Every structure is written in C-alpha cells, then in structure tokens.
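S.K.: When you get a sec, could you give me coordinates for this:
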Amino acid sequence: MKNYFLSIVLTLTIVLPLVGQSDKYQTKSDLAYYSKKLQKTDSYIAERCKLDLYYPTDSANFATIVWFHGGGLTSGNKELPARLKQQGVAIVGVNYRLYPNVKAPVYIEDAAAAIAWVFEHIEEFGGDPNKIFLSGHSAGGYLASMVGMDKRWLATHNIDANRIAGLIPFSGHTITHFTVREERGIAGTQPVIDNLAPLYHVRADAPPLLLITGDREMELLGRYEENAFMMRMMKVAGHQDTRIYEMDGYGHGMTEPAFPLLLKEVERIVSQ
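M.R.: You can find the predicted model right below:
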C-alpha cells in the first residue's frame with residue numbers, strides 16, 4: 001500500500017495539476033486580520049497577526065489555499081510555498097502569535113480570525129468564498145484541523161466551519177498538540193485527547209479531509225498513527241470523504257512531495 005501511494009506521489013510530482021493555469025499574479029503583503037483598535041492596544045497582535053495574499057489577476061472565482069506555517073507553535077513565519085504558485089489558485093500565508101508569548105487557545109483564535117478575514121475579503125480580489133481550503137505543515141496542520149473540525153472558533157466570527165471546501169493538513173497533530181501539553185507540564189511522550197485535539201471533534205458533517213503524513217518509521221512520535229486513528233474515527237463517525245496518504249521514504253519535512261497532492265485535492269473538490 002505504501003508503494004502504491006509513493007507511485008501516486010511520483011506521478012503527481014512530475015505532472016502538476018494546472019487547476020486553471022494563469023501567468024498573471026499579484027501579492028499583497030502584511031495585511032492585518034484583526035481590527036485597527038486591537039492592533040493599537042496590543043503590540044504583539046500588531047506584529048504577528050498579519051497575512052500575505054498571492055492571487056491570480058486575470059481569472060475569477062478561483063480557489064484559495066490558506067497555508068499555516070509550522071514550528072511547533074513556538075516559531076516560524078508566514079510563507080507562500082513556491083510549489084503552489086502559478087497554479088491558478090490564491091495562497092494565503094498566515095502569521096499567528098506564538099508560545100510562550102501566548103498560550104492556548106490564542107494561536108487557534110488567530111488562525112480562525114485569519115480564515116474569517118479570507119471568507120470576508122477574498123471576493124474583493126476575485127476569489128470564490130465557497131472554494132476556501134485549509135492546509136499547513138505540522139503545527140500549521142494542527143491549526144487547520146482545529147479550526148475546521150471544532151466549529152466554535154469560526155462561529156465567533158459568524159461563519160459556519162462547514163463552508164470550508166476542504167481540509168488538507170500535512171503531518172499535523174490530531175491529538176492535543178505537544179506545546180499545549182508543555183504549557184500544562186505534560187511530557188511530549190504522554191498523549192492527550194481533549195477539546196484542543198482535532199480527534200475530539202470527529203463528526204460526519206465535516207468538510208472533506210485529506211490527511212498527509214511522512215513515513216510512519218521516519219515521522220515524529222506516532223504522527224502517522226495518530227492521523228490514521230483520525231481517519232478511522234472519522235469513518236466510524238459516518239464521514240464520507242476522509243482519506244490518508246503516507247509519504248513512503250519521507251520524514252516529517254515532507255512538504256515538497258506533498259504539494260502536488262494538495263493541488264490535486266483542490267482540483268478534485270472544485271470540479272465536483
């Protein structure tokens with residue numbers, strides 16, 4: 001089975017899906033996703049709570065991939081992955097506040113606020129708010145899954161999380177994140193599943209979910225297995241569109257060979 005998935009990855013790496021190929025794009029940098037009032041009253045919000053938007057300028061109703069960077073919720077900066085550019089989709093790279101400057105659930109709240117900004121503004125740039133996908137690597141995958149699975153975070157912004165077109169986390173925690181556990185004095189080797197775990201929120205009516213991880217023998221502690229458990233429990237809950245890909249031969253830093261799978265998933269859902 002792993003070799004079968006590897007052959008898919010190699011094929012997709014060679015032939016990238018076009019998803020409405022276009023040559024004209026523009027980037028808007030450091031767009032604040034919180035109000036000016038909050039920025040003035042909190043310097044850390046003003047510093048971190050910004051996003052970059054890369055979008056096609058010669059097409060309409062395009063899909064948007066909201067991408068959250070990794071770094072264990074303690075480091076990292078917003079990015080617009082080069083492999084996703086010039087594929088006919090918009091990319092939103094998000095910064096969020098980090099531990100130890102903040103603690104849970106502040107970074108989840110930031111992720112939700114950034115996604116809400118995209119829902120509220122993407123039409124101004126030509127995008128379709130019904131084609132917003134959430135993705136990210138490691139901690140970023142965790143944030144994408146948390147906001148997509150636990151509906152309360154977007155409900156704060158009067159947005160139904162089921163409006164999300166698809167969730168495609170890369171090597172994200174599905175149990176409670178190790179930094180959240182560290183905040184509580186719990187060792188990273190002690191698994192916890194509570195309301196800050198995507199697994200806690202499995203439900204039949206969630207958006208389509210594609211879980212992508214590195215090789216189970218090369219990943220971080222149990223990362224493949226916890227994603228496999230998420231896949232199984234989503235199916236048990238009655239979800240009809242959950243799948244998992246294991247990147248044979250790749251460790252936790254498996255983003256490059258996984259980007260074609262992300263684009264292919266966007267194309268699959270948009271074309272339905």
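
S.K.: From residue 59, how far out is residue 219?
M.R.: Distance, residue 219 to residue 59, by C-beta to C-beta, to the nearest Å: 37 Å. Bear in mind the C-beta positions are built from the backbone N, C-alpha and C, glycine included.

S.K.: From what I see, residue 63 and residue 87 are in contact.
M.R.: No. Because the distance of 9.5 Å does not satisfy C-beta atoms under 8 Å, residue 63 is recorded as not touching residue 87.

S.K.: Give me the more crowded residue out of residue 219 and residue 59.
M.R.: Neighbours per residue, other C-beta atoms under 10 Å: of residue 219 and residue 59, the larger number sits with residue 219, 21 against 16.

S.K.: The more buried one against residue 213, yeah?
M.R.: Yes. With the criterion set as C-beta under 8 Å, residue 219 and residue 213 qualify as a contacting pair; they are 5.9 Å apart.

S.K.: Need the residues touching each of the two.
M.R.: Taking C-beta atoms under 8 Å, 6 or more residues apart in numbering as the contact criterion, the residues that touch both residue 219 and residue 213 are residue 171.

S.K.: any idea which strand is longest in the chain?
M.R.: If you go by DSSP state E, the chain has its longest strand at strand 127-137.

S.K.: helices or strands next to that one in the packing?
M.R.: Contact here means 3 or more C-beta pairs under 8 Å, 6 or more residues apart in numbering; DSSP states H and E; on that basis strand 127-137 packs against strand 62-68, helix 106-121, helix 139-149, strand 166-170, helix 255-270.

S.K.: what pairs with that strand, and is each one parallel or antiparallel?
M.R.: As defined by DSSP bridges, the strand partners of strand 127-137 come to strand 62-68 (parallel), strand 166-170 (parallel).

S.K.: can I get those strands in TSV with mean neighbour count and distance to residue 150?
M.R.: As requested, the strands paired with strand 127-137 are exported to TSV (neighbours: other C-beta atoms under 10 Å; distance: least, C-beta to C-beta, whole Å):
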stretch	mean neighbour count	distance to residue 150
strand 62-68	27	15
strand 166-170	28	12
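
S.K.: any low-confidence regions in the stretch 151-272 of the chain?
M.R.: Confidence mapping of the stretch 151-272 of the chain against pLDDT under 70 gives zero matching residues.

S.K.: can you map out the strands along it?
M.R.: Taking DSSP state E, counting those that start in this stretch as the criterion, the stretch 151-272 of the chain carries its strands at 166-170, 209-214, 242-247.

S.K.: which one of those lies closest to residue 236?
M.R.: Using C-beta to C-beta as the measure, strand 242-247 is the one of the strands of the stretch 151-272 of the chain that comes nearest residue 236, at 10.2 Å.

S.K.: is it true that residue 57 touches residue 26?
M.R.: Yes. Using C-beta under 8 Å, residue 57 and residue 26 qualify as a contacting pair, with a distance of 5.1 Å.

S.K.: dump the residue contacts of residue 234.
M.R.: Contacts of residue 234 (C-beta under 8 Å, 6+ apart): 202, 206, 209, 242.

S.K.: State the three-state secondary structure for residue 78.
M.R.: Using DSSP: H, G, I helix; E, B strand; the rest coil, the structure places residue 78 in coil.

S.K.: Quick check: the closest residue in space to it that isn't next to it in sequence vs residue 229, distance?
M.R.: Closest residue to residue 78 apart from its sequence neighbours, by C-beta to C-beta, 6 or more residues apart in numbering: residue 93 at 3.9 Å. Distance from residue 93 to residue 229, counting by C-beta to C-beta: 29 Å.

S.K.: List phi and psi for residue 177.
M.R.: phi -60, psi 150 (degrees, to the nearest 10).

S.K.: How about it, nearest residue that isn't a chain neighbour?
M.R.: The nearest residue in space to residue 177 (C-beta to C-beta, 6+ apart) is residue 142, at 5.2 Å.

S.K.: I'd like to know how many residues surround that neighbour.
M.R.: Based on other C-beta under 10 Å, the number of other residues close to residue 142 is 32.

S.K.: Pretty sure it sits against residue 173.
M.R.: Yes. Counting by C-beta under 8 Å, a contact exists between residue 142 and residue 173, whose distance comes to 4.4 Å.
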